[in-house]
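*Asks:* got a structure for you, letters missing:
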């Protein structure tokens, strides 16, 4: 129907609306023309042809590929009406005369990232290309061939040859089958695929068909990670329910897999699942790392059906949250597991005892690391690739905390979600949103950057406020030599020996004097790091530390951004509870300080508070003074100087002695 009133004149353009016609109910997404025909594409996925009077001539409504985004016609000439039998084979118009509908071939692209070709002689629609139209989360590289596998939330799985830039194979699982994880086995025979609904499929890596008995639906939540053991006998998976699932290949058949069991060993999200090899054997090890700060190892050899056994659980962090882990390359005699945490630190854990052997400064490129992968090169050169929230980076090994040994580039403005490396470590692949990017690795650039940063202690002096000649470096040197005097007694007139080392026991005192207040666990980690630094090579422990080692310890262990004041306020809000208004009863606070976190005895707490509040003025030996004070007298003194209710402002200003400050928004 024509709305005769809808004739509007536009003065500025000189154009007139001649007629308004409602052609279809769905939104029109594309308008173009073919000769004298008006062609429209719509949200329902159909393509319709109209004459100049907007009367329908023909339509194609069988694409089933999503909303039409564009229409393009071939440049070749269309058939003439005198072409005889060729014209008779052409579909007829959707009119009463049913004349042949003669056009050229055309292609359409859709919102589902599909390109279709429509021949003029038939209605046989052919898909030329289908790409991911939703977030790509799953990615892995073939261990032998130059293949990379990509899986997305639209249910599309594609294999690409990343050298020739050609598609090898694809499989569409369809809508509702969102692919969330995938992993090749170590010989490239199988490809495990995890889905949003918790299903796990084991595919033939060549045909992408599910192998017989290769479907497992024991998990009920999104599969987050998949990993094969080094011998391709075990397959492990983690899901959003913080549960680990183990699947095993039958010993009497290479293609039959069976379910072993599941275990919810973590109470927070699992950030990494990793297989390893036991020392001096070929036995696989399975470990998971969670945001609950626990590193869990499973006894996979003795696990039976419906019974995945936990061998050990170790808490590896105190305040930071682990975010990723990988096996440290064999460049040391000692075997390590490398862990990255949310406080911009790397930690090297002994592969057997799981104890922290070394803490190192990590990359500080905007956000903390999200994932790390190993890169191995000829001539025993090793590197670590990583992604942060939006960047990709490279670090040379061995790790030492030198910031110039790391470089990073912007990878994905909308966030990077995964990273993998090709078998020969020449290329890296990152995914973020609907995009996969391929990166060529050139380590020589990193070496040049590291050389420009200086050698020896130069890079670490740059981490100190003021540099090598700044007040912090001078203060550290003064404390270093004062500690030597302190260990030989300050109150003496005898000649003292000043050397190049201080006792290892003095390191915590120097750190505190410099404004870094480590916890008892951090103190133990620092001491063990130095004490056993040469034990594997020489069998002897170290009892002294030189100035160079002290500076490196300070730069690697201290908080990257100090202690923000808002953390103190957050702690008071948490301890006070929902109805506490950030205020805590004095007795409750003293009880929490003694019984929660690291243990503090009542005499120790009284001593610390006495020092902070300067209860004994300029006494030369406050420890002896406190020893002569009874617990009742100490309690009375604390009640006198501390109010009944304590808030964050009072605690930071009156007790800790910080300058008055307000919490920034």
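*Replies:* Everything's here; your move. These numbers were taken from a predicted model, which means no experiment stands behind them. Numbers count the residues shown, from 1 in each chain.
*Asks:* For the stretch 501-650 of the chain, which segments are assigned as helices?
*Replies:* 507-513, 520-531, 535-538, 547-557, 565-576, 586-595, 602-613, 622-627, 631-641, 648-650 (DSSP state H, counting those that start in this stretch).
*Asks:* Would you point out which residue is most central in this protein?
*Replies:* residue 370 (2.3 Å; CA atoms, centre = their mean).
*Asks:* check contacts around the closest residue to that residue other than its chain neighbours.
*Replies:* Once flanking residues are discounted, residue 370 sits nearest to residue 387: 5.0 Å by CB to CB, 6 or more residues apart in numbering. Yep, even glycine has a C-beta here, placed from its N, CA and C like the rest. Shown in contact with residue 387 (CB atoms under 8 Å, 6 or more residues apart in numbering): 369, 370, 371, 393, 411, 416, 418, 419, 430.
*Asks:* Inside helices: which ones of these?
*Replies:* Judged by DSSP state H, the contacts of residue 387 include no members of helices.
*Asks:* Show me the shaky parts of the stretch 101-250 of the chain.
*Replies:* 123 (pLDDT under 70).
*Asks:* please redo it, this time with the cut-off set to 50
*Replies:* Along the stretch 101-250 of the chain, no part satisfies pLDDT under 50.
*Asks:* Check the chain too.
*Replies:* Flagging of the chain using pLDDT under 50 yields the residue ranges 1-2, 4-6, 8-10, 661-665.
*Asks:* could you point out the longest helix in it?
*Replies:* Every helix in the chain considered (DSSP H), the longest is helix 471-487.
*Asks:* Buried residues in that one, which are they?
*Replies:* 472, 473, 476, 479, 480, 482, 483, 484 (16 or more other CB atoms under 10 Å).
*Asks:* need the contact list for the nearest residue to the fifth one once chain neighbours are set aside.
*Replies:* For residue 480, ignoring the flanking residues on the chain, the nearest one in space by CB to CB, 6+ apart is residue 547 at 5.3 Å. The contact partners of residue 547, taken as CB under 8 Å, 6+ apart, are 476, 477, 480, 500.
*Asks:* Please, where are all the helices along the stretch 1-150 of the chain?
*Replies:* Taking DSSP H, counting those that start in this stretch as the criterion, the stretch 1-150 of the chain carries its helices at 85-88.
*Asks:* returning to what we had before: what is the most widely separated pair among the contacts of residue 387?
*Replies:* Using CB to CB, the pair of those lying farthest apart is 393 and 418, separated by 14.6 Å.
*Asks:* just to revisit the earlier point, which member of the contacts of residue 547 is positioned nearest residue 306?
*Replies:* residue 476 (57.8 Å).
*Asks:* so that closest one sits right up against residue 550, yeah?
*Replies:* Yes: in terms of CB atoms under 8 Å, residue 476 counts as a neighbour of residue 550; the distance is 7.1 Å.
*Asks:* Show me the common contact partners of those two, please.
*Replies:* The contact sets of residue 476 and residue 550 overlap at residue 510 (CB under 8 Å, 6+ apart).
*Asks:* Next, the buried residues of stretch 609-617.
*Replies:* 609, 610, 615.
*Asks:* could I get those residues as a markdown table with distance to residue 236?
*Replies:* Converted to a markdown table, the buried residues of stretch 609-617 look like this (distance: CB to CB, whole Å):
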| residue | distance to residue 236 |
| --- | --- |
| 609 | 49 |
| 610 | 53 |
| 615 | 57 |
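*Asks:* Nearest to residue 571 among the residues you listed?
*Replies:* For the buried residues of stretch 609-617, the nearest to residue 571 is residue 609 (17.1 Å; CB to CB).
*Asks:* Just give the closest residue to the closest one, not the sequence neighbours.
*Replies:* residue 638 (6.1 Å).
*Asks:* where do the helices sit along the stretch 301-450 of the chain?
*Replies:* For the stretch 301-450 of the chain, the helices defined by DSSP H, counting those that start in this stretch cover 443-452.
*Asks:* Now residue 33. Nearest residue, chain neighbours left out?
*Replies:* Excluding the flanking residues, the one nearest residue 33 by CB to CB, 6+ apart is residue 39, at 6.0 Å.
*Asks:* my read: the one you found touches residue 23, true?
*Replies:* No: applying CB under 8 Å, one finds residue 39 not in contact with residue 23, separated by 11.6 Å.
*Asks:* Which residues are in contact with each of those two?
*Replies:* 48, 50.
*Asks:* out of those two, which sits in the more crowded spot?
*Replies:* The neighbour comparison of residue 39 against residue 23 (other CB atoms under 10 Å) goes to residue 39, with 20 against 13.
*Asks:* The more buried one: what's it in contact with?
*Replies:* 30, 31, 32, 33, 47, 48, 49, 50, 71.
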